[in-house]
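Trainee: any chance you could fold what I've pasted below:
(one chain, ligands or ions: 1)
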Amino acid sequence: MPSSADDQARPLPFSKELDGISKKTIDIHHDKLYVGYVNKMKEVGQKIKEMAAAGTGLDAANQTYSDLRALRNGETFAVNGVYLHEYYFEALGGAGEPAGALRDAIVEKFGSWEKFVAMFSATGMAVRGWVVLCWDAQLGRLKLYGCDAHDQGGVWGCIPLLVLDVYEHAYFIDHGSDRKAYIQAWWKNLDWKAATERFNNVKGLSAR
Ligand SMILES: [Fe+2]
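Mentor: Down below sits the predicted model:
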């Protein structure tokens, strides 16, 4: 599970060349974009801490515009940008389908592995940002969500298990505007180890 509470960027969890996602794409995605979110997370966090300590600007808090509003909006965008990218990179570098309890639960929920892959992939074509297979602790079961931005469409009480980034920066160098080809390549590079471990840890977890 991502642990960016220490505010440090995590190194790429794999070193192998991926199939259909170039090293250039991964390097830019990780070293520039992801690290940029980590840096902004730290910057915003520090400014909020300073504001809380000094108490300055709190009386001016305003929902149309205020310094605190700008910081709070930036905070959730940056923090979710960090977490979602860590889940995304964590699941790359492998070459197969999962085995064990997570696969069994997916098949039970979606009817078959092929139906799961079809719905997950189609969701990736229907949204602008992220596809998230999660353990929804409100429902007490697996759930698939899609969202357009880091700070939009997330559901409270969900533990991400498998995360796909469908922003253009994840594939445009390799596939141009052909997002479907990128998603097909993504499936071939998955390492399910962390997702399976996390599922085993959280299955049964209830937020109610
Ligand atoms: Fe990304």
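Trainee: dump the residue contacts of residue 24.
Mentor: Residues in contact with residue 24 (Cβ atoms under 8 Å, 6 or more residues apart in numbering) are residue 173. For glycine as for every other residue, the C-beta is placed from the backbone atoms N, C-alpha and C.
Trainee: what's the first helix or strand after the helix or strand where it lies?
Mentor: For residue 24, the element it lies in under DSSP states H and E is helix 23-27. Using DSSP H and E, the helix or strand that follows helix 23-27 in sequence is helix 35-54.
Trainee: which secondary structure elements does that following helix sit against?
Mentor: If you count contacts as 3 or more Cβ pairs under 8 Å, 6 or more residues apart in numbering; DSSP states H and E, helix 35-54 packs onto helix 67-90.
Trainee: give me the angle between the helix it packs on and helix 35-54.
Mentor: 140 degrees (axes from the mean of the first three to the mean of the last three Cα atoms, to 10 degrees).
Trainee: quick check: mean pLDDT of the next helix or strand after helix 67-90?
Mentor: Downstream of helix 67-90, the next assigned helix or strand under DSSP H and E is helix 101-110. Averaged across helix 101-110, the pLDDT comes to 97.
Trainee: got the buried residues for helix 101-110?
Mentor: 102-103, 105-106, 110 (16 or more other Cβ atoms under 10 Å).
Trainee: that older thread, how about the helix holding residue 24 and the ion, any contact?
Mentor: No - for helix 23-27, no contact with the ion is found by Cβ under 5 Å from the ion; the gap never falls below 10.1 Å.
Trainee: pull out the buried positions in that helix.
Mentor: Buried residues in helix 23-27, counted by 16+ other Cβ under 10 Å: 25-26.
Trainee: shift numbering so it begins at 46
Mentor: Renumbered: residue one is now 46, and that last one reads helix 68-72.
Trainee: just how off-centre is it within its chain?
Mentor: Relative to the centre of its chain, helix 68-72 is centred 18 Å away, using Cα atoms, centre = their mean, to the nearest Å.
Trainee: show me what the mean pLDDT comes to for that helix.
Mentor: Averaged over helix 68-72, pLDDT sits at 97.
Trainee: kindly export it (C-alpha atoms) in PDB.
Mentor: Output of helix 68-72 as PDB, limited to C-alpha atoms (Å, rounded to 0.1, in the frame of the first residue of the first chain):
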ATOM      1  CA  LYS A  68      10.800   3.500 -21.100                       C
ATOM      2  CA  LYS A  69      10.600   7.100 -22.200                       C
ATOM      3  CA  THR A  70       6.900   7.200 -21.300                       C
ATOM      4  CA  ILE A  71       7.500   5.600 -17.900                       C
ATOM      5  CA  ASP A  72      10.500   7.800 -17.100                       C
END
